[in-house]
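J.: after the sequence you'll find the predicted model.
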Amino acid sequence: MSDSKKIVALAQLDLAEGLADGRIDRRSFVRNALALGLALPSIAAVLQACGGSEPEAPAKPPEGAAAVDAQPAGPPDLGEMEKELKICNWSDYIAEDTIANFEKETGIKVTYDTFESNEELIGKLQAGATGYDLVCPSGYAVQVLLAIGLLEPLRPKYLTNLGNVAPQFRKTAFDPTDAHSVPWQWGMTGIAFRKDKVKAVPDSWAVFHDPQYKGKLTMMDDMRDVIGAWLKFRGKSVNSVVPEELAAAKADALVAKALLQSYVSAPVKGQLVAGDVWIAQLWNGDTLQAKVENDQIDWILPKEGGVIWCDSMVMPKGAPNKRAAHAFLDYILRPEVGAAISDFTGYGSPNAAATAKMKVPVAYPSDEQMKLLEFQSDLAGASAAWDQIWTEIKAG
Ligand code: SPD
């Protein structure tokens, strides 16, 4: 069997297991199975084996937009304002007083948890019963959550400040009708480094192959970012599903792994500040947060390119405090609140009115810079193959 056939077979197997253990609903199973080229009789057989009868009609082709359109609109009126709100966001991703100010103004008590990667968040939501009213996935993870039916539609009538969002962050590829998400922050994944420790300013992902920095290097604990970086290194897409390209990325990742201190995401900031780590794969805004504590820290986008992303607030299926969730979204869409968040995080604001109020606005990349950057998208049927490669890299 060729490598590509093996990957498809693996993905089909993961889909079938997902259906059997409840991770994947029947509609998503059918959509993804069709995308993987599985014939209808085989799909019907798997559905039957998992307790179903026949495939639901695949009403739409497997694009993100179709999945959005398939979502029910939900009741327009959300009733009384609740007294509680439960949010799960990336760490270090909100101004220190945003939650306290919101609680003081509204009387709503907020529980605020954090996560460190999209895969961790998706896993939490798939496990069920989180009680979260708002979570903040990156664009591709919004697509994943939509495809597996884990998001509630938003009610625009409660979002009076939505007009503040800049045009390029509305009707995005991951939420083409703006039905499910409110953009939070945008940023880029590149390389943070200590100017006073390195021999020369790094300009390539190749720096993670340089033996002189053995033990002083880290990459993020994030499958999409690590494999994506090595794909970029070879001039490929961060969303590649081509077996030969993924095999090359795995080989490059394993060469780097022998030199890495660890895979670590946001917590590497402290190690950069202390000088235990000299070169780290990291996001631009978190790097700026570290630079506040040590001005020897800087950030570059490698010459081969990197990832640009926009994280957005979405409402998980069954969110218990929907009205309060909308109140929070409308609150953060205020220009001064949005500006305070981005001034703290060091990331760009997707809110044009907020950007105008920032102390040091982060400019959106020029067309020239955009040629080096790429948005991640849902890997759909190939996600099992990526998971497998990541497991092998971590174990290798
Ligand atoms: N400290 C907050 C960092 C948010 C990063 N989110 C985007 C990750 C894209 N892979």
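T.: Now that the structure is in, tell me what you want to look at.
J.: what helix or strand is the residue in the stretch 251-396 of the chain positioned nearest to the ligand on?
T.: Of all residues in the stretch 251-396 of the chain, residue 309 sits closest to the ligand, at 4.2 Å by Cβ to the nearest ligand atom. To be clear about C-beta, it is placed using only N, CA and C from the backbone, and glycine gets the same treatment. Element membership for residue 309 (DSSP states H and E) is strand 306-316.
J.: quick one: list the elements packing against that strand.
T.: strand 134-135, helix 139-147, strand 151-152, strand 181-194, helix 223-233, helix 322-332, strand 373-374 (3 or more Cβ pairs under 8 Å, 6 or more residues apart in numbering; DSSP states H and E).
J.: now the longest one and helix 139-147, what's the angle there?
T.: Read that as strand 181-194. Here strand 181-194 runs at an angle of 140 degrees relative to helix 139-147 (axes from the mean of the first three to the mean of the last three Cα atoms, to 10 degrees).
J.: what's the spacing between strand 181-194 and its chain's center?
T.: Computed by Cα atoms, centre = their mean, to the nearest Å, the separation of strand 181-194 from the middle of its chain amounts to 10 Å.
J.: ok so, going back, ranking the helices and strands packed on strand 306-316 by burial, who's on top?
T.: Neighbour counts (mean count of other Cβ atoms under 10 Å) averaged over each of those peak at strand 134-135, with a mean of 28.
J.: which other residues reach that strand?
T.: Identification of contacts with strand 134-135 by Cβ atoms under 8 Å, 6 or more residues apart in numbering yields 85-89, 115, 121, 125, 313-316, 319, 325, 328-329.
J.: now those: which count as buried?
T.: Neighbour counting by 16 or more other Cβ atoms under 10 Å classes 85-89, 115, 121, 125, 313-316, 319, 325, 328-329 among the contacts of strand 134-135 as buried.
J.: what does this protein put close to the ligand?
T.: Contact residues (Cβ under 6 Å from any ligand atom) of the chain with the ligand: 90-93, 138, 189, 222, 224-225, 266, 283, 286, 309, 311.
J.: for those, which one is nearest residue 384?
T.: residue 224 (14.1 Å; Cβ to Cβ).
J.: distance of the closest one from residue 244?
T.: 19 Å (Cβ to Cβ, to the nearest Å).
J.: do residue 111 as well
T.: Counting by Cβ to Cβ - residue 111 and residue 244 are separated by 46 Å.
J.: same thing with residue 330?
T.: 48 Å.
J.: likewise for residue 332?
T.: 44 Å.
J.: need the per-residue pLDDT for the nearest residue to residue 187 once chain neighbours are set aside.
T.: Of all residues not flanking residue 187 in the chain, residue 347 sits nearest, at 4.4 Å (Cβ to Cβ, 6 or more residues apart in numbering). Here the pLDDT value assigned to residue 347 is 98.
J.: near residue 347, how many other residues are there?
T.: 25 (other Cβ atoms under 10 Å).
J.: angle of the helix or strand hosting residue 85 against strand 181-194?
T.: Per DSSP H and E: residue 85 is located in strand 84-90. Note on geometry: by the same axes, to 10 degrees, strand 84-90 and strand 181-194 are set 40 degrees apart in direction.
J.: contacts for strand 84-90 next, please.
T.: By Cβ under 8 Å, 6+ apart, strand 84-90 touches 108-116, 121, 124, 130-136, 184, 266, 311, 320-321, 324-325, 327-328.
J.: now this structure, which segments are flagged as low pLDDT?
T.: 1-76 (pLDDT under 70).
J.: so for it, the centremost residue is which one?
T.: residue 138 (2.7 Å; Cα atoms, centre = their mean).
J.: which residues does stretch 338-351 contact?
T.: 92-98, 164-166, 168-169, 183-187, 283-289, 310, 332-333, 335, 353-364.
J.: give me the subset of the residues you listed that lies in helices.
T.: Using DSSP state H, the subset of the contacts of stretch 338-351 located in helices is 98, 284, 285, 286, 287, 288, 289, 332, 335, 353, 354, 355.
J.: any idea which helix or strand carries residue 114?
T.: Using DSSP H and E, residue 114 falls in strand 109-115.
J.: and the angle from that strand to strand 84-90?
T.: Using the same axes, to 10 degrees, strand 109-115 lies at 20 degrees relative to strand 84-90.
J.: work out the gap between the next helix or strand after strand 109-115 and the centre of the chain.
T.: Sequence-wise, the next helix or strand downstream of strand 109-115 (DSSP H and E) is helix 118-127. Distance, stretch centre to chain centre, for helix 118-127: 11 Å (Cα atoms, centre = their mean).
J.: over to stretch 352-372?
T.: 20 Å.
J.: so what touches it?
T.: With Cβ under 8 Å, 6+ apart, stretch 352-372 has contacts from 164-166, 168, 186, 188, 284-285, 301, 303-306, 308, 334-339, 341-343, 346-349, 373.
J.: tell me how many other residues crowd residue 241.
T.: Neighbours of residue 241 (other Cβ under 10 Å): 18.
J.: next up, the contacts around the residue of the stretch 251-396 of the chain closest to the ligand.
T.: 138, 139, 186, 187, 188, 189, 375, 376.
J.: cool, thanks, signing off.
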